[in-house]
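Trainee: coordinates only, sequence not included:
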């Protein structure tokens with residue numbers, strides 16, 4: 001598979017392998033780590049400013065979140081303007097709205113300037129409340145939007161087959177094919193002399209007075225600046241305590257009858273759902289997402305797909321579910337992304353993370369912010385998105401709330417594993433973490449009975465992994481690292497795979 005799960009995404013057929021487009025030179029103005037929309041957009045923009053850049057990807061371009069997104073391009077965010085006004089003030093809420101417009105404009109201008117064929121379409125969005133409580137929530141959202149001059153218009157009809165209490169239409173949104181888009185950007189980057197290396201893990205880094213030294217699959221690489229576009233960087237950082245990993249679920253289906261909506265759709269449920277339409281391989285499909293939960297915190301991830309499909313079949317004349325997949329994103333404790341200098345850095349290492357469900361917009365915006373910070377030393381968005389803004393008294397209660405579950409996971413997992421002494425009852429296609437003779441193992445049985453046995457402790461922070469039966473992966477509930485049945489890394493921050501046990505004493 002060409003992405004971070006066992007389930008094929010709707011965009012996966014467009015994955016292109018680059019391999020290594022790389023000279024013997026080991027020194028660069030900037031090394032960008034991560035081959036998704038954030039990393040590729042940033043590498044290209046820095047290159048346009050005259051910097052000599054290297055783009056590193058641990059797997060292949062589009063392997064992570066960009067290959068698993070539903071690819072909504074919207075500038076009204078999961079963090080509402082009413083919330084932003086209440087927490088940060090009117091001026092910063094207006095700046096957030098400006099940032100959203102700039103993120104959308106970045107994609108639009110790239111598509112137009114380079115003639116990128118990525119199914120890009122301008123769209124109107126529909127945000128609808130399905131009950132009285134949601135209607136009150138929607139009224140608050142609209143009130144906040146109006147205070148900052150953001151257009152939301154109440155409407156009496158929507159294109160989605162839901163009975164609703166209130167709804168608004170929001171112009172100026174868009175959608176696209178994310179892998180076609182980033183592949184085109186990568187082609188342009190390489191054609192203009194950019195260095196690119198796939199299957200090249202950055203395992204560690206060290207900041208010096210002259211720049212950054214990176215340990216990678218290609219050996220030691222030096223750069224004046226480094227950008228981590230990988231959600232979180234290697235090692236343990238403050239970001240691991242200010243951003244929490246979540247997974248969202250997606251299905252794409254055809255209809256037996258009726259017309260397809262032409263708008264983007266969003267409800268305000270808990271869990272919420274979001275919708276759009278895309279034609280893939282000649283088939284028009286509705287792409288629906290939702291059922292989000294914290295990574296590693298669902299006992300049955302397959303049930304998330306079932307609930308999502310049941311929800312869609314209740315409201316749409318579903319013909320055939322063509323695709324079903326999940327993807328990872330990070331929730332920041334204060335609702336805003338972190339785009340700028342890494343908290344532990346003296347100013348040469350940058351990061352972009354915490355995009356919530358708005359990764360395509362914030363990832364595109366990040367390219368401009370990071371380029372300004374690296375080349376000019378300043379950005380109008382520096383303060384609002386500063387990764388160093390978190391202090392002990394800023395959002396501390398939320399930080400404790402998120403990480404109380406981490407402590408609980410460590411304790412509960414250890415107690416649970418003490419009770420699991422046997423490999424009995426592991427049938428074909430099943431998995432379990434067991435403890436035997438003082439060691440704990442993550443075990444998966446193939447259909448033919450072959451066992452895959454791994455040390456179950458995540459190398460990043462020594463938490464115990466949990467089985468994800470939907471994506472056939474071992475997921476860490478603490479910081480979101482994920483591994484396949486052979487222990488290979490699917491998602492960081494871990495840079496070390498789970499240890500394979502070839503001849504365990506079991």
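Mentor: Happy to help now that I have it. This is a predicted model, so every value here is computed, not measured. Numbering: from 1, shown residues only.
Trainee: From now on I want contacts and neighbour counts done on CA atoms only, so please keep to that.
Mentor: Noted.
Trainee: What are the boundaries of the helices in the chain?
Mentor: Applying DSSP state H to the chain gives helices spanning 37-48, 81-88, 90-114, 132-147, 178-191, 239-242, 301-315, 359-375, 396-419.
Trainee: right, so the ones you listed: which one is the most enclosed?
Mentor: helix 37-48 (a mean of 26; mean count of other CA atoms under 10 Å).
Trainee: what sits up against it?
Mentor: Residues from elsewhere that reach helix 37-48, judged by CA atoms under 8 Å, 6 or more residues apart in numbering: 32-34, 53-55, 62, 66, 178, 182, 185-186, 188-189, 194, 227-229, 352, 360, 363-364, 366-368, 370-371.
Trainee: in the sheet, who's paired with the residue nearest in space to the middle of the chain?
Mentor: Centroid check for the chain by CA atoms, centre = their mean gives residue 329 as the closest residue, at 3.2 Å. Applying DSSP bridges to residue 329 gives these bridge partners: residue 246.
Trainee: My guess is it contacts residue 243. True?
Mentor: No - assessed by CA atoms under 8 Å, residue 329 is found out of contact with residue 243, at 9.5 Å.
Trainee: What separation do you get for residue 47 and residue 71?
Mentor: Look at residue 47 and residue 71: by CA to CA, to the nearest Å, they are 25 Å apart.
Trainee: likewise residue 139?
Mentor: In this view, residue 139 and residue 71 are 26 Å apart by CA to CA.
Trainee: Check residue 242 too.
Mentor: With CA to CA as the criterion, residue 242 and residue 71 are 25 Å apart.
Trainee: Ok, residue 332 next?
Mentor: In this view, residue 332 and residue 71 are 20 Å apart by CA to CA.
Trainee: what's the answer for residue 87, then?
Mentor: Residue 87 is 28 Å from residue 71, by CA to CA.
Trainee: Residue 460 now?
Mentor: 30 Å.
Trainee: Equivalent analysis for residue 253, please.
Mentor: Note on residue 253: its distance to residue 71, by CA to CA, is 16 Å.
Trainee: hey, what's residue 225 bridged with?
Mentor: Going by DSSP bridges, residue 225 forms beta bridges with residue 30.
Trainee: For it, the count of nearby residues, please.
Mentor: 21 (other CA atoms under 10 Å).
Trainee: Equivalent analysis for the one 4 residues further on, please.
Mentor: In terms of burial, residue 229 registers 27 neighbours under the definition other CA under 10 Å.
Trainee: OK, contacts around it?
Mentor: Contact partners of residue 229, counting by CA under 8 Å, 6+ apart, are 32-36, 38-39, 351-353.
Trainee: From residue 65, how far off is it?
Mentor: From residue 229 to residue 65 the distance is 11 Å (CA to CA).
Trainee: Give me the common contacts of these two.
Mentor: residue 36.
Trainee: Nearest residue to residue 240 in space, ignoring adjacent ones along the chain?
Mentor: Nearest residue to residue 240 in three dimensions, chain neighbours excluded: residue 479, at 6.3 Å (CA to CA, 6 or more residues apart in numbering).
Trainee: pretty sure the one you found contacts residue 465?
Mentor: No - counting by CA under 8 Å, residue 479 sits too far from residue 465 to count as a contact (10.5 Å).
Trainee: Between the two, point out the one with more neighbours.
Mentor: Per other CA under 10 Å, whichever of residue 479 and residue 465 has more neighbours is residue 479, with 30 against 27.
Trainee: Give me the phi and psi for that one.
Mentor: Backbone dihedrals for residue 479, given as degrees, to the nearest 10, come out at phi -130, psi 10.
Trainee: Can you name the residues that contact it?
Mentor: Residue 479 sits next to 240, 244-245, 493 when contact means CA under 8 Å, 6+ apart.
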